[in-house]
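Undergrad: only geometry, no sequence info:
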């Protein structure tokens, strides 16, 4: 019997969605214990515990709204009319849903702080272990893809931290925190033709379809060196497949001093949807599709 390698094991776990299912089951277990303990809790909270619980609850609520909005937009505004798109988005689907799971974990942490039940804390501890394992599996897979595609990425020293934040809190929050701006695919025409378009998808995804004047920098490899050759007043547009890999690179470019940095909302997959009845490939924002439809 052939021995399974570490990479194959990571792929099998991520594809099975086992850890994701266990995470939601763990969340349900915490909710059940919270409901049972809500009427029997006699623990008095200190001012610091009450303040901490409220702060965590507010953070969870904000992240929940952002992540739920992202998921709902993706589900309802991105029609599934092409098999290639379904296959490619399936690869990054876990990254899309993970911020929503993070908000649920934070919300349950707030409940545990405010109710202070020992059984609830035990259940939450089990949820936390599964959540960390799930996050680690996805992060390992992302890093492996990055190293295989761009072994000499100039931002690799910080990319793990960026990717972790991206995975946990989502692209929209990273874009805001990094000082970049989000832009809808329908508003690309508002950008000047001199916009520097950076595509951070893999070479395979780039060959599938890309913007006419987009330059390929898989996972951001080479983008810092190229940025030093560009005037800082050059508008920059960063794109990926579904808008969850580009925010980290957009944040790096903003820190390098570029005045106007944009992250394409929902990425190339949504842009392809809005252009499905339009075969125009003229101009810098026209779509070049190298693979057959």
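TA: Yep, that arrived. Since the structure is predicted, the reported quantities are computational estimates derived from the model, not experimental observations. Residues are numbered from 1 along each chain as shown.
Undergrad: got the residue ranges for the strands in this structure?
TA: For the chain, the strands defined by DSSP state E occupy 181-183, 196-199, 210-211, 215-216, 236-239, 261-264, 287-288.
Undergrad: Sketch out the low-pLDDT regions of this structure for me.
TA: Along the chain, the model assigns pLDDT under 70 to residues 1-16, 37-43, 73-94, 145-163, 171-174, 176-178, 273-282, 290-293.
Undergrad: pretty sure residue 134 contacts residue 19?
TA: Yes - at 3.8 Å, residue 134 counts as touching residue 19 under the criterion of C-beta atoms under 8 Å. Every residue, glycine included, has its C-beta placed from N, CA and C.
Undergrad: of the two, who's got more company?
TA: Neighbour totals were compared for residue 134 and residue 19, and residue 134 leads with 23 against 19 (other C-beta atoms under 10 Å).
Undergrad: gap between the more buried one and residue 212?
TA: Note on residue 134: its distance to residue 212, by C-beta to C-beta, to the nearest Å, is 38 Å.
Undergrad: Over to residue 233?
TA: According to C-beta to C-beta, residue 233 and residue 212 sit 22 Å apart.
Undergrad: repeat for residue 183
TA: Distance, residue 183 to residue 212, using C-beta to C-beta: 17 Å.
Undergrad: Please say which of the two ends up with more neighbours.
TA: Neighbour count, other C-beta under 10 Å: between residue 183 and residue 212, residue 183 has more, with 17 against 14.
Undergrad: For that one, give me its contacts.
TA: Going by C-beta atoms under 8 Å, 6 or more residues apart in numbering, residue 183 touches 190-191, 237, 262-265.
Undergrad: in the sheet, who's paired with it?
TA: Per DSSP bridges, the residues bridged to residue 183 are residue 264.
Undergrad: and the gap between it and residue 269?
TA: Using C-beta to C-beta, residue 183 is found at 15 Å from residue 269.
Undergrad: Could you do residue 70 as well?
TA: Relative to residue 269, and taking C-beta to C-beta, residue 70 is found at 13 Å.
Undergrad: For residue 222, grab phi and psi.
TA: phi 90, psi -10 (degrees, to the nearest 10).
Undergrad: okay, now it: neighbour count?
TA: For residue 222, using other C-beta under 10 Å, the count is 18.
Undergrad: right, and residue 288 touches residue 208 too?
TA: No - using C-beta under 8 Å, residue 288 is not in contact with residue 208; the gap is 10.2 Å.
Undergrad: Tell me which of these two has more neighbours.
TA: residue 208 (18 against 13).
Undergrad: ok, the more buried one to residue 241 distance?
TA: From residue 208 to residue 241 the distance is 9 Å (C-beta to C-beta).
Undergrad: Please apply the same query to residue 193.
TA: Per C-beta to C-beta, residue 193 is found 24 Å from residue 241.
Undergrad: Name the residue in the two with the higher neighbour count.
TA: Neighbour count, other C-beta under 10 Å: between residue 193 and residue 241, residue 241 has more, with 26 against 9.
Undergrad: what sits against the closest residue to that one other than its chain neighbours?
TA: Sequence neighbours aside, residue 267 is the residue nearest to residue 241 in space, at 4.9 Å (criterion: C-beta to C-beta, 6 or more residues apart in numbering). By C-beta under 8 Å, 6+ apart, residue 267 lies in contact with 239-244, 246.
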